[in-house]
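# Got a sequence here, can you build the structure:
(one chain, ligands or ions: 1)
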Amino acid sequence: MNMMTRAFGSMAFAAVAALTASAVQAEEFRLGLITPPPHIWTKAAEAFGAELAEASDGAHSVTVFPARQLGNEAEMLQQLQTGALDMAFMTVAEVSNRAPDFGAFYAPFLAQDIEHAGRILRSDTARGMLEQLPAEVGVVGVAYGMAGLRQIVARGEVNSADDLAGLKLRITPFDPILDFYNAIGAAPTPMPLPAVYDALANGQVDAIDMDAELIWVLKYFEQADTVVQSNHMMFPMVGLVSGRVWAQMSDEDRKLIGDLMAKHVDSTIDSYVEKEQGWLDQVRGAGTNYVEVDQAFFGDAVAEWNAIWAEKSSKLDALRQVADDTAE
Ligand code: BEZ
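Now for the predicted structure:
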């Protein structure tokens, strides 16, 4: 091989190596979530994908699979663990089934209102809790988002917590909310989001635990007689990347993807702060029997929940301290 041939050969090798490197770095990510296409979380996931494609000059793309197309949250969490799924915007409720410390976010009346919930989720203490996710759950948590505070929609009249006793009341499938409604004396019925409308409409459940956005947008209130605005719990979400997929990313991609995903996940907090009251006003204005209650309505159930979760989560006191420090 003469000098010329050797030089050309090594240039060709370099070009192939460069092409291979950029092909390896370019990724088509799959992101799953259970919320329907018009939901704020789904819109935020799509906005994240669009911004990532632009910031990476088209090298990265994100295909969003809403409405449980890839399975329920427990199944998606398993897929994240094996690397079969790259990313998810997931309820902290599901994460708390694997990492019980996260159950502390659901302390009844931890947040005074939706703005306060946002401050708690943006605290250093809350962020620090994400550090346990790679080791305990096999996922990387980039930031918190949220949905609105929780309310109750019931098919009959509800004027006191006694009226909830024995009711088949739909809950998101996770322990903190189960413990809360058990303490009230209801019959909590775990049911994933997509099954809720039909279950309420056909009387399979008597009541549901839900947030203002979905009560208004999915018109759950039209299938019921009473809306109880209780604001009894916050409902955090977390942006997750598979630990296996994260381990294979370059430092540069981790920074780009982590920062952009965090930005769009966090933006959901601002969306709920802005829109929550409007949804509640519209539900109230629709002529539904609308009852506003506070912590006293739930009697001893809150203290009972606190006693149970003081044992189950080591972060309850720390989050209470944050709540105190950020209250207005
Ligand atoms: C729910 O299970 O009620 C729920 C899940 C995700 C977003 C909002 C609500």
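# May I ask which helix or strand encompasses Val238?
strand 235-242 (DSSP states H and E).
# Pull up the pairing partners for that strand, direction included.
strand 87-91 (antiparallel), strand 139-147 (antiparallel) (DSSP bridges).
# Export only the CA atoms of that strand, formatted as CSV.
The C-alpha trace of strand 235-242 is given here as CSV (Å, rounded to 0.1, in the frame of the first residue of the first chain):
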residue,chain,number,x,y,z
PHE,A,235,-50.8,14.6,43.1
PRO,A,236,-47.2,14.8,42.0
MET,A,237,-45.8,13.4,38.8
VAL,A,238,-42.1,12.6,38.0
GLY,A,239,-40.2,12.6,34.7
LEU,A,240,-38.3,9.3,34.5
VAL,A,241,-35.6,7.9,32.2
SER,A,242,-34.7,4.2,32.2
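# Pull out the buried positions in the next helix or strand after that strand.
Next in sequence after strand 235-242, counting helices and strands by DSSP H and E, comes helix 243-248. By neighbour count on 16 or more other CB atoms under 10 Å, the buried set for helix 243-248 is Gly243, Val245, Trp246. All C-beta atoms are positioned from the backbone trio N, CA, C, and that covers glycine.
# could you show me where the helices are in the stretch 1-150 of the chain, in order?
3-25, 40-55, 73-82, 92-98, 114-121, 124-129, 133-137 (DSSP state H, counting those that start in this stretch).
# Give the closest residue to Leu167 in space, chain neighbours not counted.
Excluding the flanking residues, the one nearest Leu167 by CB to CB, 6 or more residues apart in numbering is Asp206, at 4.2 Å.
# returning to that earlier point: go through the strands paired with strand 235-242 and name the closest to the ligand.
strand 139-147 (4.2 Å; CB to the nearest ligand atom).
# Would you agree Asp101 is in contact with Met129?
Yes. Between Asp101 and Met129 there is a contact under CB atoms under 8 Å: 6.3 Å.
# buried set for the helix or strand encompassing Glu276?
In the assignment (DSSP H and E), Glu276 maps to helix 251-285. Under the neighbour-count criterion of 16+ other CB under 10 Å, helix 251-285 has 253, 256-258, 260-269, 271-273, 275-276, 279-280, 283 buried.
# likewise stretch 74-86?
Met76, Leu77, Gln79, Leu80, Gln81, Leu85, Asp86.
# So which residues make contact with stretch 28-35?
Stretch 28-35 is contacted by residues 41-42, 45, 48-49, 60-73, 76, 79, 85-91, 192-194, 245 when judged by CB atoms under 8 Å, 6 or more residues apart in numbering.
# Which of the residues you listed are buried? Put it as a PyMOL command.
In PyMOL, this line selects whichever of the contacts of stretch 28-35 come out buried by 16+ other CB under 10 Å:
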select buried, resi 41+42+45+48+49+60+62+64+65+66+68+70+72+73+76+79+85+86+87+88+89+90+91+193+245
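# What residues does this protein have near the ligand?
Ile34, Thr35, Thr91, Ala147, Thr172, Leu193, Met210, Asp211, Leu214 (CB under 6 Å from any ligand atom).
# Just name the lowest-scoring one in those residues, pLDDT-wise.
Least confident by pLDDT among the residues of the chain next to the ligand: that is Leu193, with 92.
# Strands of the stretch 101-250 of the chain, residue ranges please.
139-147, 150-154, 168-171, 187-190, 207-211, 226-229, 235-242 (DSSP state E, counting those that start in this stretch).
# same question for the third one, mean pLDDT?
For strand 168-171, the mean pLDDT works out to 98.
# For that strand, output the C-alpha coordinates as CSV.
C-alpha atoms of strand 168-171 as CSV (Å, rounded to 0.1, in the frame of the first residue of the first chain):
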residue,chain,number,x,y,z
LYS,A,168,-67.3,2.1,46.6
LEU,A,169,-64.9,4.9,45.9
ARG,A,170,-62.5,4.7,43.0
ILE,A,171,-58.9,5.5,43.9
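# Go ahead and name everything in contact with that strand.
With CB under 8 Å, 6+ apart as the test, strand 168-171 has contacts from 152, 154, 177-178, 181, 186-191, 196, 199-200, 204-210.
# Not counting residues beside it along the chain, what's closest to the residue in the chain that the ligand sits nearest to?
Going by CB to the nearest ligand atom, the ligand is nearest to Thr172 of the chain, at 3.5 Å. Spatially, and ignoring its direct neighbours in sequence, Thr172 is nearest to Ala93 (5.1 Å; CB to CB, 6+ apart).
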